[in-house]
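Asker: here is a sequence together with a model predicted from it:
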Amino acid sequence: MINWQPLTGEFQLWQDAGITLPFWWRDDDAIAPTTQLETLISIATDLNIPCHLAVIPKFATKALAERIATTYLIIPITHGWAHENHAPEGQKKAEFGATRPIEDCATDAIQSLQHLQDLFGDQLQPMFVPPWNRINPDLGQHLVAIGYDALSTYGPHKTRFSAPNLTQINTHLDPIAWRGNRSLVAPETLIAQTVKLLQDRRLGHADNTEPLGFLTHHLVHDAAIWAFVKQFLTIMLEGPIKPFRYGRDPLE
Ligand SMILES: [Zn+2]
């Protein structure tokens, strides 16, 4: 049994203070319809929460676009181009890092947007998610020129705009123990991390206008991760939050 009390206790303080938390969900690395994607879609549907699906353009299939077209709760966004590492050996992985010529990065970002617009049409929202959440900051102005208007990486954003007209909307919580057994991080650790993120916002140490992002990777979830994802989203939706949806809401 997971003890959610630290989180629900923090929610109470938010309620007492009359503040709400913008909250969003991003899931990475989609290329095709899979049973794992069906699990993701069923959670989004059961809880009626939008999920922003970061799609790898180079490998994205028409079948994925056809599946996504049937639900307005899944919002396709751009996840790099090929999810290919261009960082020199020994450096942290990046497809759009500072060591790669910026013209090459821009060329990839152009074909990413064109390719996904062809596949997903109006459903695609122009948010760019660099693989491994790393990007050369100088690429921001190029992304705007190409047609993106938001950038998403990991960790509390430092500024609301990473370049003029490029909103930075990051993710902040990742339930996967990437450096451990690749199963679920200890739930008490995840809950403590969430409480800390909320406290920082409530006390004015972090920007509460940035939607708090929950980051998942549906293709690698085991049963423990899926169970946590569903429970965590359920608890969050019972709290003082406003689910954030990037782009136009087709129901409004
Ligand atoms: Zn990825």
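Answerer: The structure has been received and is ready for your questions. Numbers count the residues shown, from 1 in each chain.
Asker: any idea how far the residue nearest to G155 when sequence neighbours are not counted lies from R201?
Answerer: Sequence neighbours aside, N170 is the residue nearest to G155 in space, at 5.9 Å (criterion: CB to CB, 6 or more residues apart in numbering). Placement of C-beta: from N, CA and C, glycine included. Distance of N170 to R201, given as CB to CB, to the nearest Å: 13 Å.
Asker: give me the distance between the residue nearest to G155 and A30.
Answerer: Distance from N170 to A30, by CB to CB: 19 Å.
Asker: quick one: which of those two has more around it?
Answerer: A30 (27 against 22; other CB atoms under 10 Å).
Asker: what pLDDT does that one get?
Answerer: The model reports A30 with a pLDDT of 98.
Asker: is it true that I241 touches W24?
Answerer: No - if you go by CB atoms under 8 Å, I241 and W24 don't touch, sitting 9.7 Å apart.
Asker: report the distance from the least confident helix or strand in the chain by mean pLDDT to the chain centre.
Answerer: Least confident helix or strand of the chain, by mean pLDDT, DSSP states H and E, is strand 161-163 with a mean of 88. Mean C-alpha position of strand 161-163 versus that of the full chain (CA atoms, centre = their mean, to the nearest Å) differs by 17 Å.
Asker: which strands and helices sit next to the helix or strand that that strand is followed by?
Answerer: Using DSSP states H and E, the next helix or strand after strand 161-163 towards the C-terminus is strand 166-168. Using 3 or more CB pairs under 8 Å, 6 or more residues apart in numbering; DSSP states H and E, the elements in contact with strand 166-168 are helix 140-146, strand 150-151, strand 161-163.
Asker: please name the nearest non-neighbouring residue to the closest residue to the ion within the stretch 51-200 of the chain.
Answerer: Closest contact between the stretch 51-200 of the chain and the ion, by CB to the ion, is at P131 (4.6 Å). Of all residues not flanking P131 in the chain, G80 sits nearest, at 4.2 Å (CB to CB, 6+ apart).
Asker: I'd say the one you found and D108 touch.
Answerer: Yes - taking contacts as CB under 8 Å, G80 lies within contact range of D108: 7.3 Å.
Asker: neighbour-wise, which of the two wins?
Answerer: Ranked by neighbour count (other CB under 10 Å), G80 and D108 place G80 first, with 26 against 20.
Asker: what segments of the stretch 1-150 of the chain are strands?
Answerer: 21-30, 51-55, 74-78, 127-128, 150-151 (DSSP state E, counting those that start in this stretch).
Asker: so G247, which state does it fall into?
Answerer: State at G247, reduced to three classes by DSSP: H, G, I helix; E, B strand; the rest coil: coil.
Asker: what about it, distance to the ion?
Answerer: 20 Å (CB to the ion, to the nearest Å).
Asker: going forward, begin numbering at 4 instead of 1
Answerer: OK, 4 is where the count begins now, so the last one is G250.
Asker: rewinding a little: so what does the least confident helix or strand of the chain touch, helix or strand wise?
Answerer: helix 143-149, strand 169-171.
Asker: now for the first one, which elements pack on it?
Answerer: Secondary-structure packing of helix 143-149 (3+ CB pairs under 8 Å, 6+ apart): helix 105-123, strand 164-166, strand 169-171.
Asker: list the residues that contact the spatially closest residue to L240 that is not a sequence neighbour.
Answerer: Spatial nearest neighbour of L240, excluding adjacent residues (CB to CB, 6+ apart): L50 at 6.0 Å. Residues in contact with L50 (CB atoms under 8 Å, 6 or more residues apart in numbering) are 233, 236-237, 240.
Asker: make it 7 Å
Answerer: By CB atoms under 7 Å, 6 or more residues apart in numbering, the contact set of L50 is 236-237, 240.
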